[in-house]
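Peer 1: next come a sequence and a model predicted from it.
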Amino acid sequence: MKSLPRVVVRWFVPLLLLPAAAVQASEDEELALAYGDQSTISLATGMRQPLRRAPAVATVITAEDIAAMGATDLDQVLETVAGLHINVAPSARNTLYVIRGVFSLQTPQVLVLQNGIPLTVLLTGGRGNLSGLPAVENIARVEILRGPGSALFGADAFSGVINIITRGAGELPGTQVAARAGSFGSADAWLRQGGSAGGVAWAAFAKLARTDGLRRTIESDAQTRNDRLFGTQAGLAPGPVTATADALDAGLELAWQQWRWRALYKLRDNVGTYGGLGSALDPIGRGRGARLVTDLGWSAPASAGSDWSFDANVSWVHFAQRFPVPARIFPPGTRFPTGVFVHGMFGAPEVSERSLRVQAHAAYAGWNGHALRLGVGYENLHMYMARDTNNFRYTASGIPIPNDPVRLTDLPFIYPQRREVLYAFVQDEWHLHPDWTLTAGVRHDQYSDAGGTTNPRLALVWDATVDWTVKVLYGQAFRAPTFSELYATNNPIAHGNPALRPETTRTVEAVSSWQATPDLQLTLSIYSYRMRDIARTVPNPSPAPGTTYMNTGRQHGKGFEAEAVWDATRQLRLSGHLSVTRAVDPATGADVGNVPRRDVFLRADWRIGRWRLDAMLNHIADRRRARGDARPPVPDYTTLDLTLSTDRSARGWFAGAALRNAFDEDVREPNLAPGLIANDLPQAGRTLTLQIGYAF
């Protein structure tokens, strides 16, 4: 692999010398009027405010940015954020969002919202192995908060919060249609339409997509180990991962006076198991994940003579995971001391969940120098079905026993569960002085199964000069135990623990934002956090088999994120960041492993008439192994992405071409279990996508 300086000089810098010219107005400028642009954010306090003065470390990515970078999924968008790295799990290539070195099997420590509604799967705390995330073509903006957010958002706003805001009713009248094709047999088409009639504004969206998926090779897997132990030759490695997927996204939003109703549906079908449910290659299994999110909102802005404003929302989310073709955990011929799996060892863990949430907020501006915000809410979270179709059972010591033919297990791997949550919060933005603002807030959450927890926040923002702002932030956050961690049963490998407590963290941050010139902005964020009561599996006392979840883990982290944005000319913007993090286990002083200590990102975005050329360089470095993992460090990598596109004008044709990983780097993400997939998880190589569309 070429060194980073050589890559920059040879590939990136020459691109900056290309000519640029004026650009026409685009639909994304209209979105900026509706939602605000990159300089405003609402995630930090619940009310829109300038990003520079927001009491948080935050990033905003607009629809214009998403189109310019040629992103085809949200992961490509979020990889551009300082302090955030995209990792994956071997099972169905489940996305893991690693913020500031906080990494686990499902990364439930990051709260992902869609229009303010959590997308959390109750079973695992992640976003669901088979559910995917909203189509980027229907996203108006993404707001990312790095650091604790439980004082506003409650559970799982632990290391960060990501809010995906979809395009709304009445904001973009007209119709757009587009189609795209690319590497790995990928193809998709989408339609977006908006308008108004009789006082009702509406927006509709639909997208169909399919892909054969990347075909990178896994050199050795869990079955390679089994073959070595038991003298068999059943393994399929070396062999390619299975990453097929079909997708349907559809949405409708209606707005009338103070009311707004939304319904968004996502289906991911024919989903391959990537590295396999058991970390053994599986070309057979196929999964299906579906999520429906619908909500009804009401708002009453402050009127003349009143200092109060109100809003309320009721939402309902349904998530289901199925395996129409059961996953093959291990291939035919797999041998254990209990016998041979002639047809292979397979299973189909399935789950259905529904969540009802009701929330109400009030804001009061009648107290001189203060902006008060109050909120209350209720959540009814129900995992009403869980089952596993398989052809095996376990011995008392946890060894699988062949049980052909396929049968439905007598007992599920977890019984249905219900959780209720009540919460209330208060927040005050106190303008101590024209140049000083103190934001203080606290939220209490009461869980029916995990007890209560109270989380405060404090943020002091000082406008030191007209072009320099300093922030000092403190916050506490928690992650609620998942249903799997609390109640898993009939699984000798990992037992649930109903006495499990929430994980907690305390974070201190300092931020300096300097508008060095009218065209150059520099931001430095420094942070330190301490995590306690991390839920981890520990071996059960002998002779009991397996492990049980316990609050035994701790993690300390510190680091910084340096960001720069330079408008070199009216047509050329250069930006980038350097993120450095160090996360350790204080009990041993050892690196927690598997997360990059350094991340360098550079971007050049310039306009040539109606055309736009975008180049992004991403360098991931210094990923060490966890204590006890003797493998060499995860290899560094550098990727270059190039996109050429037209602005999406209100009318007419638009087009684009995106080349990702132009160097065809062998990108690998760490696999947590060294004995299973030894050489880590391969990611996509060089890919090309072409898009054409028409707006009318």
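Peer 2: Okay, I see it.

Peer 1: go ahead and confirm Asn671 touches Val88.
Peer 2: No: taking contact to mean C-beta atoms under 8 Å, the distance of 9.3 Å between Asn671 and Val88 leaves them out of contact. In short, each C-beta sits where N, CA and C put it, glycine included.

Peer 1: quick one, what contacts the residue nearest to Leu500 when sequence neighbours are not counted?
Peer 2: If the residues on either side of it in the chain are set aside, Leu500 comes closest to Pro481, at 4.4 Å by C-beta to C-beta, 6 or more residues apart in numbering. For Pro481, the contacting residues are Ala450, Leu500, Arg501, Pro502, Ala535, Tyr549, by C-beta atoms under 8 Å, 6 or more residues apart in numbering.

Peer 1: ditto for Leu374
Peer 2: Applying C-beta under 8 Å, 6+ apart, we find Leu374 in contact with His361, Ala362, Ala363, Tyr364, Ala424, Phe425, Val426, Gln427.

Peer 1: show me what it is bridged to.
Peer 2: Note on Leu374: beta-bridge partners Ala362, Val426, judged by DSSP bridges.

Peer 1: cool, and the one 4 residues further on?
Peer 2: Listed by DSSP bridges, the beta-bridge partners for Tyr378 are Val358, Leu422.

Peer 1: these two touch, right, it and Val358?
Peer 2: Yes: when contacts are counted by C-beta under 8 Å, Tyr378 is listed as touching Val358 (4.9 Å).

Peer 1: and the one helix or strand Ile164 maps to, how far out from the chain's middle?
Peer 2: With the criterion set as DSSP states H and E, the secondary-structure element containing Ile164 is strand 160-166. Computed by C-alpha atoms, centre = their mean, to the nearest Å, the separation of strand 160-166 from the middle of its chain amounts to 9 Å.

Peer 1: run through the bridge partners of Ile692.
Peer 2: According to DSSP bridges, the partner residues bridging Ile692 are Ala179, Ala655.

Peer 1: I'd like the numbering to begin with 494 instead of 1 from here.
Peer 2: Sure, I'll start numbering at 494, so the last one becomes Ile1185.

Peer 1: and for it, the neighbour number?
Peer 2: Residues near Ile1185, counting by other C-beta atoms under 10 Å, number 15.

Peer 1: next one: Asn883
Peer 2: 21.

Peer 1: which residue comes closest to it once chain neighbours are left out?
Peer 2: When the adjacent residues along the chain are set aside, Asn883 lies closest to Gly840, with 3.7 Å between them (C-beta to C-beta, 6+ apart).

Peer 1: how much space is there between Gln750 and Arg545?
Peer 2: Gln750 sits 34 Å away from Arg545, going by C-beta to C-beta, to the nearest Å.

Peer 1: likewise for Leu722?
Peer 2: Here Leu722 is placed at a distance of 58 Å from Arg545 (C-beta to C-beta).

Peer 1: which of these two has more neighbours?
Peer 2: Per other C-beta under 10 Å, whichever of Leu722 and Arg545 has more neighbours is Arg545, with 20 against 11.

Peer 1: list the contacts of that one.
Peer 2: For Arg545, the set of contacting residues under the criterion of C-beta under 8 Å, 6+ apart consists of Ser532, Thr962, Ser1006.

Peer 1: quick one: buried ones out of these?
Peer 2: Neighbour-count burial (16 or more other C-beta atoms under 10 Å) is assigned, among the contacts of Arg545, to Thr962, Ser1006.

Peer 1: adding distance to Arg1144, secondary structure and pLDDT, write the contacts of Arg545 out as TSV.
Peer 2: As requested, the contacts of Arg545 are exported to TSV (distance: C-beta to C-beta, whole Å; DSSP: H, G, I helix; E, B strand; the rest coil; pLDDT from 0 to 100):
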residue	distance to Arg1144	secondary structure	pLDDT
Ser532	28	coil	79
Thr962	40	strand	96
Ser1006	38	strand	96
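
Peer 1: helix, strand, or coil at Ile559?
Peer 2: For Ile559, the reduced secondary structure class is helix; criterion used: DSSP: H, G, I helix; E, B strand; the rest coil.

Peer 1: please read the previous query as pertaining to Gln716.
Peer 2: Gln716 falls in the helix class when you classify it by three-state DSSP.

Peer 1: neighbours around it, how many?
Peer 2: Under the neighbour criterion other C-beta under 10 Å, Gln716 is assigned a count of 27.

Peer 1: per-residue pLDDT of the residue nearest to Asn883, please?
Peer 2: Gly840 is assigned 88 on the pLDDT scale.

Peer 1: pretty sure Ser890 is in a helix, no?
Peer 2: No: with three-state DSSP as the criterion, Ser890 is assigned coil and is not in a helix.

Peer 1: for Ile822, see how far away it is.
Peer 2: Distance, Ser890 to Ile822, by C-beta to C-beta: 18 Å.

Peer 1: all helices for this structure, in order.
Peer 2: 497-500, 520-528, 556-561, 567-571, 643-646, 715-723, 976-980 (DSSP state H).

Peer 1: as PDB, could you dump the C-alpha coordinates of the last one?
Peer 2: Once side chains and other backbone atoms are set aside, the C-alpha atoms of helix 976-980 remain, and they are given as PDB (Å, rounded to 0.1, in the frame of the first residue of the first chain):
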ATOM      1  CA  PHE A 976     -33.700  -8.100  26.000                       C
ATOM      2  CA  SER A 977     -31.000 -10.600  24.900                       C
ATOM      3  CA  GLU A 978     -28.700  -9.600  27.700                       C
ATOM      4  CA  LEU A 979     -31.500  -9.700  30.200                       C
ATOM      5  CA  TYR A 980     -33.500 -12.800  29.200                       C
END
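
Peer 1: can you pull out the low-pLDDT segments for the stretch 1044-1189 of the chain?
Peer 2: Counting by pLDDT under 70, the stretch 1044-1189 of the chain contains low-confidence residues at 1142-1143, 1167-1168.

Peer 1: surely Thr1041 touches Ala987?
Peer 2: Yes: proximity of Thr1041 to Ala987 meets the contact threshold set by C-beta under 8 Å, at 7.4 Å.

Peer 1: which residues are in contact with each of the two?
Peer 2: Contact criterion C-beta under 8 Å, 6+ apart; residues shared by Thr1041 and Ala987: Thr1030.

Peer 1: so the two - more neighbours on which side?
Peer 2: Here Thr1041 and Ala987 are compared on neighbour count by other C-beta under 10 Å; more neighbours surround Thr1041, at 18 against 15.

Peer 1: so who does the nearest residue to the more buried one once chain neighbours are set aside touch?
Peer 2: In space, not counting the residues next to it along the chain, Thr1041 is nearest to His988; the distance is 4.4 Å by C-beta to C-beta, 6+ apart. If you count contacts by C-beta under 8 Å, 6+ apart, His988 has them with Ala981, Thr982, Asn1033, Gly1039, Thr1040, Thr1041, Tyr1042.

Peer 1: how many neighbours does the third one have?
Peer 2: Right, Asn1033. A total of 13 residues lie near Asn1033 under the criterion other C-beta under 10 Å.

Peer 1: and if you look at the first one?
Peer 2: Ala981 has 21 neighbours, counted by other C-beta under 10 Å.

Peer 1: ok, the residue nearest to it when sequence neighbours are not counted - contacts?
Peer 2: Distances taken as C-beta to C-beta, 6+ apart put Gly989 closest to Ala981, at 3.9 Å, once the chain neighbours are dropped. If a contact means C-beta under 8 Å, 6+ apart, then Gly989 has Ile907, Phe976, Ser977, Glu978, Leu979, Tyr980, Ala981, Thr982, Thr1041, Tyr1042 as its contacts.

Peer 1: any idea how far Gly989 lies from Tyr908?
Peer 2: Taking C-beta to C-beta as the measure, Gly989 falls 10 Å from Tyr908.
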